[in-house]
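Novice: I need the structure of the sequence given here:
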Amino acid sequence: MSMNDEYQPINCDDYDNLELACQHHLVLSLKMRSGEVVEAKANDLLMRKKVEYLVVEVNGEQRDLRLDHIESFSHPEIGTVVVSAE
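Specialist: Next up is the predicted model:
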């Protein structure tokens, strides 16, 4: 999936779960649609040029992950969430 693909908003419930994870700075296991698995602390959600991102911290470095590039995420407090389009 190219970073130039048109952004597809994710389901509101999935977004709400990510918001909760950010509020509590939960460490999530994120499976990306590319197959990459990222263990990261959720810090913030932001929108840039009509594309939404999850701001995470991985090994002390910040990364912005496009929400529509996340296949699923999990944490013991929220379970596993399979991200779906709106």
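
Novice: quick check: Asp13 is in a helix.
Specialist: Yes - assigned with DSSP: H, G, I helix; E, B strand; the rest coil, Asp13 falls within a helix.

Novice: and the pLDDT at it?
Specialist: Looking at Asp13, its pLDDT reads 94.

Novice: burial of it, as a residue count?
Specialist: 10 (other C-beta atoms under 10 Å). All C-beta atoms are positioned from the backbone trio N, CA, C, and that covers glycine.

Novice: for the one 10 residues further on, same thing?
Specialist: Residues contacting Gln23 under the criterion other C-beta under 10 Å number 10.

Novice: which phi and psi does it have?
Specialist: Dihedral pair for Gln23: phi -60, psi -40, per degrees, to the nearest 10.

Novice: ditto for Leu20
Specialist: Leu20 adopts backbone torsions of phi -60, psi -40, taken as degrees, to the nearest 10.

Novice: and the gap between it and Gly79?
Specialist: From Leu20 across to Gly79, the span is 12 Å (C-beta to C-beta, to the nearest Å).

Novice: higher neighbour count, those two?
Specialist: Between Leu20 and Gly79, counted using other C-beta under 10 Å, the more crowded position is Leu20 (14 against 9).

Novice: now the more buried one: closest residue in space that isn't a chain neighbour?
Specialist: Spatially, and ignoring its direct neighbours in sequence, Leu20 is nearest to Ile78 (6.8 Å; C-beta to C-beta, 6 or more residues apart in numbering).

Novice: same deal with Glu19?
Specialist: Glu19's closest residue in space is Leu45 (C-beta to C-beta, 6+ apart), at 6.2 Å.

Novice: residue contacts, that neighbour?
Specialist: Applying C-beta atoms under 8 Å, 6 or more residues apart in numbering to Leu45 gives the contacts Tyr15, Leu18, Glu19, Cys22, Glu52, Tyr53, Leu54, Val55, Leu67.

Novice: can I get those in JSON lines with distance to Arg33?
Specialist: As requested, the contacts of Leu45 are arranged in JSON lines below (distance: C-beta to C-beta, whole Å):
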{"residue": "Tyr15", "distance to Arg33": "17"}
{"residue": "Leu18", "distance to Arg33": "16"}
{"residue": "Glu19", "distance to Arg33": "21"}
{"residue": "Cys22", "distance to Arg33": "21"}
{"residue": "Glu52", "distance to Arg33": "15"}
{"residue": "Tyr53", "distance to Arg33": "15"}
{"residue": "Leu54", "distance to Arg33": "14"}
{"residue": "Val55", "distance to Arg33": "18"}
{"residue": "Leu67", "distance to Arg33": "11"}
